[in-house]
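# Using only what follows, build the 3D model:
(chains A, B, C, D, E and F)
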There are 6 protein chains.
Amino acid sequence: MKTILLSAALIWFFSGAIAQPEVPVEKWTGKTILLIGAHPDDDSYSMATLGMLNANGNEVYIAILTTGNVGTQDPKLGMTDLAMIRKQEEQAALATIGIPTDHYINFGYDDGMLEYEDTKEVVAKLVRLIRKVQPDVLFAFDPGKGGQRWHKADHRAAAYLSADAARAAMWPLMFQGQITVEGLKAHTVPEYMLYDSADKDKNTWVDITGWEERKVDALSKYVSQFSAGWSDYKGPDLSPEEEEEMKEGLHRWLEHRDGVPMEGFRHYAGLPDDIGR
Amino acid sequence: MKTILLSAALIWFFSGAIAQPEVPVEKWTGKTILLIGAHPDDDSYSMATLGMLNANGNEVYIAILTTGNVGTQDPKLGMTDLAMIRKQEEQAALATIGIPTDHYINFGYDDGMLEYEDTKEVVAKLVRLIRKVQPDVLFAFDPGKGGQRWHKADHRAAAYLSADAARAAMWPLMFQGQITVEGLKAHTVPEYMLYDSADKDKNTWVDITGWEERKVDALSKYVSQFSAGWSDYKGPDLSPEEEEEMKEGLHRWLEHRDGVPMEGFRHYAGLPDDIGR
Amino acid sequence: MKTILLSAALIWFFSGAIAQPEVPVEKWTGKTILLIGAHPDDDSYSMATLGMLNANGNEVYIAILTTGNVGTQDPKLGMTDLAMIRKQEEQAALATIGIPTDHYINFGYDDGMLEYEDTKEVVAKLVRLIRKVQPDVLFAFDPGKGGQRWHKADHRAAAYLSADAARAAMWPLMFQGQITVEGLKAHTVPEYMLYDSADKDKNTWVDITGWEERKVDALSKYVSQFSAGWSDYKGPDLSPEEEEEMKEGLHRWLEHRDGVPMEGFRHYAGLPDDIGR
Amino acid sequence: MKTILLSAALIWFFSGAIAQPEVPVEKWTGKTILLIGAHPDDDSYSMATLGMLNANGNEVYIAILTTGNVGTQDPKLGMTDLAMIRKQEEQAALATIGIPTDHYINFGYDDGMLEYEDTKEVVAKLVRLIRKVQPDVLFAFDPGKGGQRWHKADHRAAAYLSADAARAAMWPLMFQGQITVEGLKAHTVPEYMLYDSADKDKNTWVDITGWEERKVDALSKYVSQFSAGWSDYKGPDLSPEEEEEMKEGLHRWLEHRDGVPMEGFRHYAGLPDDIGR
Amino acid sequence: MKTILLSAALIWFFSGAIAQPEVPVEKWTGKTILLIGAHPDDDSYSMATLGMLNANGNEVYIAILTTGNVGTQDPKLGMTDLAMIRKQEEQAALATIGIPTDHYINFGYDDGMLEYEDTKEVVAKLVRLIRKVQPDVLFAFDPGKGGQRWHKADHRAAAYLSADAARAAMWPLMFQGQITVEGLKAHTVPEYMLYDSADKDKNTWVDITGWEERKVDALSKYVSQFSAGWSDYKGPDLSPEEEEEMKEGLHRWLEHRDGVPMEGFRHYAGLPDDIGR
Amino acid sequence: MKTILLSAALIWFFSGAIAQPEVPVEKWTGKTILLIGAHPDDDSYSMATLGMLNANGNEVYIAILTTGNVGTQDPKLGMTDLAMIRKQEEQAALATIGIPTDHYINFGYDDGMLEYEDTKEVVAKLVRLIRKVQPDVLFAFDPGKGGQRWHKADHRAAAYLSADAARAAMWPLMFQGQITVEGLKAHTVPEYMLYDSADKDKNTWVDITGWEERKVDALSKYVSQFSAGWSDYKGPDLSPEEEEEMKEGLHRWLEHRDGVPMEGFRHYAGLPDDIGR
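Down below sits the predicted model:
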């Protein structure tokens, strides 16, 4: 497969893998953006950035691998209940930042069990998605730089399989049925925004000034994830006190650098082969 | 899961599993029909019946699991070449009997390797298809009556996994992400036309008088499967001599009963649990 | 592994595989009996026989592989609800025929998904169970005689894996950790009562006269399986009308031969290698 | 993949699948013969036939999938001991009927665990073997005619995977690395001698007159399989009494038809696709 | 599943993940402790700490995944021999530090093959164990902090699967059969002592003064692991010279900090989600 | 399995794991060298070192797991075409540095799919290879030191499975069929040259002065990997301009330290257990 020689070849013409985006993320426009996550709410790491990109004339798609149907301590909730709550919460959050409902894709896997699904099939589905959406930028859990990043189960699968899918998507002879019978085109994703990176690996900080409130509003839709809703879910609506308390907590959780609210990423541009280099 | 007690219960109200269709197949109308096969051309067993059903006002869908990309002895053909030839042939055959191109679904698996794919994923995809199409009748390879029918690889998977999928599709708690996040509905397929059955198990013979010629025309599109095209493929068009020879062979291969051209099936109506009883 | 030569050797001393039990089942006493099924209620095929054996001084154990947690059409029920209902029903049924609650073992697998579990692990667990219980007689779904019997998913796994486990249990070098670290002993099950057999293969009919009523009582505990409870479950207690209707149906479902109520089996005695011969 | 149309095409030129060998097996010469079995001693079903074929100028190869390393009840024997005993016994048996030691191939899998190995890999290895040996005739466990034949574990895998491998071996695009990098050639096995068939399916009886004694001698090498050696193995040499007793048993086990010693098979000639038809 | 929002929520009330134990390990009492390892002797990293905890009124359980049945270069030993030696050595070592024999659990997997077992099943078993034991503290191989720690095969599986199991054990809807039919309770392990950590990640050093000798005594029971016993095992008893030499080596292998004998760990307290953060 | 105690034992006699080779690589002679890679051209990292070792009287073997049959953007090339091109290129490159064609072994897996193959089987094959070749030194992708190194798919499998295989190869009871029936011997690889290591982990730099030109010549055989040949392959021969341009690029890609051309490795000597420590 693509090898060091190709990298050698590319180095002559391009400047090789680019760590920082040439155009600041805040200025991006006209791009197609795809985020892959494991659970409804894995977009929390980049919620404001996604909202801003959408507002700036980029197309933003959110693909989540599991339905989020086991993460509760509330004995009243079963798996189907929870899946429907998580779907409604995700859609409410996306609506808050302006992303249309039909840009939300869920793969329907059971929460917590992604590690035990057939990896070839999960990758095939992600490859199909990439070949359909043809994204300019892929947002994904950071699979690690140099070493394999430790993630909890599900996130680990989402991180590694996204990287593997980005790589496979560019070769027309891989998962070739998608090309020959489905009529899709191979696609090389040129640019990556990797979230939940190790702090030492973050190289790109998006200034989300003006988006803090909408981010907090969006995240506050994830009521079933919030500690009260987590053990005793009472529906999507919080009392004013609960809502205030939740939002206060969320505000405190936002990251700042030099007083400026930020979302931090490892940006990578280059062949997917070297996404973890 | 559904059990013998349920069967007991149903027996009180219905007359149990029905072997012969109440309305003759030739009179069916307004039904949604789904065929599941392993390879492009697995509809050959029922080509005339499908054409007739389509003509009589039924909606007919053809779902094929593999691209058919290895079945050649022609050294000039690679896997991608062959997949595209097989797709074109399948579409030409369906066009001949009047089935619209967008009623053809291909799952894109590599030919010959279906046994080695993850069975849970293949079943999940077939369940999704059944829940989407909501067929009144499923055409599938016969998984056997009493004993498990011997089929060659790929056909074996197509037979058993279709039966498993029909069964799973009726339970909303199975592959529940399809219900909760994709918004599909559980569906119980009430009636089955099982093809490539053992002769002793065939109970339903469809009179295809008037459809013989179109069946032969349709099958003659499968040039890459035909012995000359199989070892030295020269494109979709045969010379007049070759075409005549091929059609003659196909005519001889048609089944007749008492001089009437027929396609034979094992018809089954009842809960999918007992499809092999 | 054990081979035809061994069979040859055994033929000199024993009379080979014995089709009919030497002592009628109705006279058995002092035996340890193990039943393996897929779902709570798979003991329905042999409920009266089990009750009679228990009453006659045999130890009866019931091992069920799945929790039965998906087989409902009642939208109010989730997977955990259903598992608990099925457990309570199973225990109530066993209590009705006198089998103690702690003789019921459930392996906890999800209903409908047994085919997708790791077969080596399922077999290992069944081997462990056989080595613990050391049964004289194993009741299991009939894996088929001559050919592989068609069973619906879950039943298929239960049938084949039970046969495989009976075979592996006799070799101390298989799943040897059970011997070396757990201190279990290898065990050869000498006799089998295979249920849900093809009618042509049944060779042993147990006269259940005197047990019909208790069988019907036991089966009537499976309310969630019964058609009303199946789509709209209202708890374990039926109205008098519903109960009467259910029991009437069950009575009609009982098998008779020459007017005598019977449960039919394929009995097999011999090495597990030849269980399907 | 190869389809019904091809069969149609072939039917014009050939007479289709031939049940009985045209030339009696006793007259075969110059053929390459490959036997696939699961355990050392699975050649017992056809020992005399193999010896006769070898003597008549055919090349005979014996391929066994497992080492036979668990089939003992002798607590003094471990897995490695047993594997070496079984290998020595197999070689002694083959020497008795004149087959050279280097015609014996063992795949080294653990006995009893073949069902749990990766089927794609086992098939790939069998395909490689077939492409290397390029047999004219394949001896294999009968996978069944019409229905899937019930075999115990390991035999089941050997039966089904041999049929799958015969089928895959003919397509150059399957397991293509064997063709492209190893330089092997695709191969269609034209003729099959299926052993351990159901009696009703046997169609070919080989007269082994003159080979009975050598067959018994060969089988008597399988001391560790014999009942004394099975529970208390004392080395390859039996006492004269034990040897006499063993051979007497083996003589009684030989099959006869009309007083003539015979080995029975299901012979099949045709495309591997239809081996189970 | 549990997400960043929950962490956010918890941060308000608790102080978040705590690196150092609040009460020094040497003072712990009344806790339930569970250690998970891959091989008998994987408790060597923490032998003195475990002995001390046991002596201080904590309940200590040792769970080992494999039997240790392949790690020998002694050609006289087979797999069953070695498993029994390793079991006896483990029990002797635990007896030396006062841990009762019935606190030792072995899962019976074959040594060296843990990577090839079904991960879902291994995790399910570990989840069951955690839900049964309900430990306050889990000792496990360190899965890594930030990045995935490199461990040799078996240790790698033990490290990652322990972390995955700790995580799954807290969700009642995961492996729900354990809750619904087995009657276990979900359990959140609040505190972890991770052994075999990278030196840079160790944050907790347990002063084992007074336990050195017992640790050396305990480890000296692992005779089959010791170089002489490893290639030429002569039973559990060493000659006085061998014993002295072994103990001397073990003394030299003990870790010290500032002259104090220590065992070093990465301690972690918090949700299992962040065990590798 | 081998444990910390053994390490303790070894530490008394040897000085433990040795980071730097005692004899400089440039002076090695009489050694057997095995390289394991994923794709034809993965020897590029060490091409000059391999050539030098071969010239200095060492036996050098190159084992590649996949055929390299998908890494092209040239729509004219199919999988079989590409595999044959990659094989010819690999052989031409090896010929350039003097390594005989029959020292090149290819395992025939499909490119890009190695992660989805059965890991137990891939390890078994690598163990067999190690036991056959009995290498003094193994060249492999670096699996990481401390943490698991991030590699793209295929390289990741090649790295981790090589380490696992080196470890398993030393235990006669692992993959024991290779010992008992194939007659191979267990083998402990004592020394490793790990390539594609993190820069911080490289500890051994081989001076390739005098080999630069041959390295560039060898690498320039990989025309299908080179950017023109990658999208529009025109055969193995480049025009003089293309060849000059390619070689110029390759020269620029060579690593130097203090002006000396070098190939950098992580050298490790010791038990395979600690290859990642």
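# wait, what's in contact with the residue nearest to A:M262 when sequence neighbours are not counted?
The shortest distance from A:M262 to any non-neighbouring residue, by CB to CB, 6 or more residues apart in numbering or on different chains, is to A:W205 (4.4 Å). Heads up, the C-betas are built off the backbone N, CA and C, glycines and all. Counting by CB atoms under 8 Å, 6 or more residues apart in numbering or on different chains, A:W205 touches A:257, A:262-265.
# from these, which single one is nearest A:D232?
Closest to A:D232 out of those is A:E263 (31.1 Å), distances taken as CB to CB.
# Can you give me the buried ones in the helix or strand harbouring the closest one?
Element membership for A:E263 (DSSP states H and E) is strand A:260-269. Neighbour counts over strand A:260-269 (16 or more other CB atoms under 10 Å in any protein chain shown) mark A:261-269 as buried.
# How about the residues of chain A by chain C?
A:78-81 (CB under 8 Å from any CB of the partner chain).
# With distance to chain D as new columns, can the residues you listed be given to me in CSV?
CSV is the format used below for these (distance: CB to the nearest CB, whole Å):
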residue, distance to chain D
A:G78, 34
A:M79, 30
A:T80, 34
A:D81, 37
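# what are the phi and psi angles of A:G144?
Dihedral pair for A:G144: phi 110, psi 150, per degrees, to the nearest 10.
# Same check on A:Q73?
Taking degrees, to the nearest 10 as the convention, A:Q73 sits at phi -110, psi 10.
# which residues does it contact?
A:230-231, E:170-172, E:186.
# make it 10 Å
Taking CB atoms under 10 Å, 6 or more residues apart in numbering or on different chains, we find A:Q73 in contact with A:227, A:230-233, E:2, E:6, E:170-173, E:186, E:188.
# Show me which of these is closest to chain B.
The shortest gap between chain B and any of the contacts of A:Q73 belongs to E:L173, at 11.9 Å (CB to the nearest CB).
# What score does the nearest residue to the closest one once chain neighbours are set aside have for pLDDT?
Leaving aside its sequence neighbours, E:L173 sits nearest to A:V70 (CB to CB, 6+ apart; 4.0 Å). pLDDT, A:V70: 97.
# One more: A:G229?
The model's pLDDT for A:G229 equals 87.
# Quick check: nearest residue in space to it, chain neighbours excluded?
Closest to A:G229 by CB to CB, 6+ apart is A:V223, at 4.2 Å.
# about what we covered before: now the contacts of A:Q73: which count as buried?
A:227, A:230, A:233, E:2, E:6, E:170-173, E:186.
# mind putting those residues in JSON lines, secondary structure included?
Formatted as JSON lines, the buried ones among the contacts of A:Q73 follow (DSSP: H, G, I helix; E, B strand; the rest coil):
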{"residue": "A:S227", "secondary structure": "helix"}
{"residue": "A:W230", "secondary structure": "helix"}
{"residue": "A:Y233", "secondary structure": "coil"}
{"residue": "E:K2", "secondary structure": "coil"}
{"residue": "E:L6", "secondary structure": "helix"}
{"residue": "E:M170", "secondary structure": "coil"}
{"residue": "E:W171", "secondary structure": "coil"}
{"residue": "E:P172", "secondary structure": "coil"}
{"residue": "E:L173", "secondary structure": "coil"}
{"residue": "E:A186", "secondary structure": "coil"}
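# List just the nearest of the residues you listed to B:A93.
E:L173 (47.7 Å).
# unless I'm mixing things up, the closest one is touching C:D110, no?
No. Here E:L173 does not reach C:D110: they are 11.4 Å apart, not a contact under CB atoms under 10 Å.
# Quick check on the residue lying closest to A:M174 once chain neighbours are set aside: phi, psi?
Leaving aside its sequence neighbours, A:M174 sits nearest to A:A168 (CB to CB, 6+ apart; 4.6 Å). In terms of degrees, to the nearest 10, the main-chain angles of A:A168 are phi -70, psi -30.
# surely A:A168 meets F:D110?
No. Using CB under 10 Å, A:A168 makes no contact with F:D110, being 11.9 Å away.
# in the stretch 1-150 of chain A, what residue is nearest chain C?
A:G78 (2.7 Å).
# Is there a neighbour count for that residue? I'd like the number.
22 (other CB atoms under 10 Å in any protein chain shown).
# ok, it - contacts?
A:69-70, A:72, B:173, B:176, C:77-82, E:173, E:176 are the contacts of A:G78 under CB under 10 Å, 6+ apart.
# what sits against the residue nearest to A:M174?
A:1, A:123-124, A:126-127, A:130-131, A:174-175, A:186, A:272, F:70, F:112-113, F:153.
# Just the buried ones from those?
Buried among the contacts of A:A168 by 16+ other CB under 10 Å: A:1, A:123-124, A:126-127, A:130-131, A:174-175, A:186, A:272, F:70, F:112-113, F:153.
# which one of those residues is nearest D:N54?
Of these, the one sitting nearest to D:N54 (CB to CB) turns out to be F:M113, at 40.9 Å.
# quick one: the closest one from F:T67, how far?
To F:T67, F:M113 is 11 Å away according to CB to CB, to the nearest Å.
# try A:V123
20 Å.
# neighbours around A:Q178, how many?
The number of residues near A:Q178, taken as other CB under 10 Å, comes to 21.
# Could you report the separation of the residue nearest to it when sequence neighbours are not counted from C:D274?
Leaving out its chain neighbours, the residue that sits closest to A:Q178 by CB to CB, 6+ apart is A:L184, at 4.7 Å. Remark: distance between A:L184 and C:D274 (CB to CB) = 52 Å.
# With A:K247 instead?
71 Å.
# Repeat that for A:G108.
A:G108 is 44 Å from C:D274, by CB to CB.
# So which of these two has more stuff around it?
Set side by side, A:G108 and C:D274 show more neighbours around A:G108, with 22 against 15, by other CB under 10 Å.
# can you pull the contacts of that one?
Taking CB under 10 Å, 6+ apart as the test, what A:G108 contacts is A:64-67, A:69, A:83, B:124, B:128, B:175-182, B:184.
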